[in-house]
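1. please find the sequence and the predicted model below.
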Amino acid sequence: MKPLGPIPSGFPAIEGELVIGGRKASELVAEAGSPLFVYDGALIAARVAQLRAALPERLGLHYAMKANPFPPLLRLMAGLVDGFDIASGGELLMAEAAGVPAERISFAGPGKRDEDLAAAIAHGVTLNLESPREAERALAIGERLGCAPQLAIRVNPDFDLRGSGMKMGGGAKPFGVDASLVPVLARRIIAAGAEWRGFHIYAGSQTLDAGAIAEMQAATLALAARLAEDSGAALPACNLGGGFGIPYFPGDAQLDLSAVGDALAMQFAALPEVLAGTAFCIELGRYLVGEAGVYLTRIIDRKESHGEVFLVTDGGLHHQLAASGNFGTVVRRNYPSAIATRFGAPVEEEASIVGCLCTPLDRLADKGGFPRAEEGDLVAVFCAGAYGASASPVHFLGHGPAAERLINASS
């Protein structure tokens, strides 16, 4: 029997059934259908409040909307955070539709098309430049439009985030400008008359090690100071990246947020003069919304094959690719999952939860321990608030998308 990941806090049981935001799972599915993503707005608001309390007041909080671009959730986030970080022209449209002012939006990502650059410049969005060539294109477009573009440089640092689930900096990368090239590019941008917006330095994501995050943030501040000095210009703003992880797998523990905040407060207290007037922020996606989401899917068939039990659902990897182990993990491990309609009941059997797709990759839980479940029972896959519906191959085999619901949005 293989262990399951830890179920996040905030999900009680009533009468033996999983409750999400005060609603039974079966009630939510009865209203919206199955499969269904449910996002608890109260849990998201509580996470933001927790961050505000633990981190230095000087530090702005941005939402990396690639984690979850569900429109009602974006509207909720617009009232909770200080800025949005986007990675495409399509995300720009979604952020604007959610009521996010352009001055609170920054746009990173390689491969920006000319039309993406033009839209961002025309709306007054900050562009995080990924290369010297992109800088020249942005300057030319700004000149054509008759407005000064707001430009920052995304820096490819000489380090990465220790223990990171996905390394975004250090060595050869398609992201950002190598640190050694940044001062020359910064001087070029300033001399061209653009509005200089500073640096975006993102070294990695998804770590649960507070010491590693503190180490990365200290290195990021030191790098920002050195590059600002070498550029010969004040640094108006610096995005310190993210990296805050959530527990997905057996043995994972919550990030010690207070340790991160205490270390950063000490670093801010000793900033060099060149960073005295810099506005700092971090960008977080999954840490804000990941644990607030649950994927609910109904068991359609219970079968046995060569002595193994398979619970076949109406959902699968086309909605929740990450839980299937096919989204960036090297060794497949079980996400937190449960039988929602028998929540808290004792383990009675070993079973694999599989989806409805014709591929052996479609497995939501592998030989986990569950109470005995039957056709009609609901399965819950947790940590589904980030990189779920929008990060999965929804059109594969034509089963269609899952429904999505945001509840408790006013909490």
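-> Received, thanks. Please read all numbers here as calculations on a predicted model, not as lab measurements.
2. need the helices for the protein, in chain order.
-> 25-32, 41-54, 71-78, 89-97, 114-123, 132-145, 182-191, 210-231, 257-269, 286-289 (DSSP state H).
3. now the residue minimising distance to the centre of the chain: closest residue in space that isn't a chain neighbour?
-> The residue lying closest to the centre of the chain (Cα atoms, centre = their mean) is residue 285, at 2.8 Å. Distance criterion Cβ to Cβ, 6 or more residues apart in numbering; nearest residue to residue 285, sequence neighbours excluded, is residue 67 at 2.8 Å. C-betas here are computed from N, CA, C, even on glycine.
4. run a quick neighbour tally on the one you found.
-> 25 (other Cβ atoms under 10 Å).
5. and for residue 198?
-> 26.
6. just give the nearest non-adjacent residue to it, would you?
-> Nearest residue to residue 198 in three dimensions, chain neighbours excluded: residue 237, at 4.0 Å (Cβ to Cβ, 6+ apart).
7. who does the one you found form a beta bridge with?
-> As for beta bridges, residue 237 partners with residue 279 under DSSP bridges.
8. any idea how far it is from residue 228?
-> Going from residue 237 to residue 228 by Cβ to Cβ, to the nearest Å gives 11 Å.
9. the more surrounded of those two?
-> residue 228 (23 against 19).
10. enumerate every residue touching the more buried one.
-> 199, 234, 235, 274, 275, 278 (Cβ atoms under 8 Å, 6 or more residues apart in numbering).
11. what sits closest to the second one if chain neighbours are left out?
-> I take that to be residue 234. residue 277 (6.4 Å).
12. mind checking pLDDT for the one you found?
-> pLDDT for residue 277: 96.
13. wait, doesn't the residue nearest to residue 198 sit right on residue 278?
-> Yes - between residue 237 and residue 278 there is a contact under Cβ atoms under 8 Å: 6.4 Å.
14. which residues of the protein score low on pLDDT?
-> 160-174, 330, 410-411 (pLDDT under 70).
15. can you give the domain ranges for the chain?
-> 13-39+291-407, 69-284 (automatic domain parsing).
16. what segments of the stretch 251-400 of the chain are strands?
-> Listed in chain order, the strands of the stretch 251-400 of the chain (DSSP state E, counting those that start in this stretch) span 279-284, 293-305, 308-313, 337-339, 349-354, 363-370, 378-381.
17. mind listing what's buried in the first one?
-> Buried residues in strand 279-284, counting neighbours by 16 or more other Cβ atoms under 10 Å, are found at 280, 281, 282, 283, 284.
18. one more: the third one?
-> Counting neighbours by 16+ other Cβ under 10 Å, one finds that the buried residues in strand 308-313 are 309, 311, 312, 313.
19. what helices and strands are in contact with it?
-> strand 293-305, strand 349-354, strand 363-370 (3 or more Cβ pairs under 8 Å, 6 or more residues apart in numbering; DSSP states H and E).
20. in a markdown table: the buried residues of strand 308-313, plus distance to residue 214.
-> Shown next, in a markdown table, are the buried residues of strand 308-313 (distance: Cβ to Cβ, whole Å):
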| residue | distance to residue 214 |
| --- | --- |
| 309 | 45 |
| 311 | 42 |
| 312 | 45 |
| 313 | 41 |
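21. and of these, the nearest to residue 83?
-> Comparing the buried residues of strand 308-313 against residue 83 with Cβ to Cβ places residue 313 closest, at 37.8 Å.
22. which non-adjacent residue is nearest that closest one?
-> residue 297 is the one closest to residue 313 (Cβ to Cβ, 6+ apart), at 4.2 Å.
23. what pairs with that neighbour across the strands?
-> residue 379.
24. next one: it from residue 315, what distance?
-> Relative to residue 315, and taking Cβ to Cβ, residue 297 is found at 3 Å.
25. and if you look at residue 268?
-> To residue 315, residue 268 is 45 Å away according to Cβ to Cβ.
26. the two: who's more crowded?
-> Ranked by neighbour count (other Cβ under 10 Å), residue 268 and residue 315 place residue 315 first, with 28 against 17.
27. any idea how far the residue nearest to residue 37 when sequence neighbours are not counted is from residue 34?
-> Nearest residue to residue 37, sequence neighbours excluded (Cβ to Cβ, 6+ apart): residue 404, at 4.5 Å. Per Cβ to Cβ, residue 404 is found 12 Å from residue 34.
28. what does residue 389 give?
-> Counting by Cβ to Cβ, the gap from residue 389 to residue 34 is 14 Å.
29. then residue 331?
-> 30 Å.
30. which one's more surrounded, the two?
-> Using other Cβ under 10 Å as the criterion, residue 331 and residue 34 rank with residue 34 on top: 21 against 6.
31. now for the closest residue to that one other than its chain neighbours, how many residues are close by?
-> Excluding the flanking residues, the one nearest residue 34 by Cβ to Cβ, 6+ apart is residue 298, at 4.3 Å. A total of 20 residues lie near residue 298 under the criterion other Cβ under 10 Å.
32. what's near enough to touch the closest residue to residue 190 other than its chain neighbours?
-> Computed as Cβ to Cβ, 6+ apart, the closest residue to residue 190 that is not its neighbour in sequence is residue 196, at 5.1 Å. By Cβ under 8 Å, 6+ apart, the contact list for residue 196 reads 151, 152, 186, 189, 190, 233, 236.
33. what's near enough to touch the closest residue to residue 255 other than its chain neighbours?
-> Spatial nearest neighbour of residue 255, excluding adjacent residues (Cβ to Cβ, 6+ apart): residue 208 at 5.1 Å. The contact partners of residue 208, by Cβ under 8 Å, 6+ apart, come to 163, 245, 246, 247, 252, 253, 254, 255.
34. same check, this time on residue 188
-> 132, 135 are the contacts of residue 188 under Cβ under 8 Å, 6+ apart.
35. residues touching residue 408, list them.
-> 21, 22, 40, 41, 42, 43.
36. sorry, wrong one. I was asking about residue 281.
-> Contacts of residue 281 (Cβ under 8 Å, 6+ apart): 59, 60, 61, 62, 82, 83, 237, 238, 239, 240.
37. for it, give its distance to residue 253.
-> 26 Å.
38. please apply the same query to residue 384.
-> 20 Å.
39. quick one: which of the two has more around it?
-> Ranked by neighbour count (other Cβ under 10 Å), residue 384 and residue 253 place residue 384 first, with 29 against 9.
40. and the gap between that one and residue 397?
-> In terms of Cβ to Cβ, residue 384 sits 20 Å off from residue 397.
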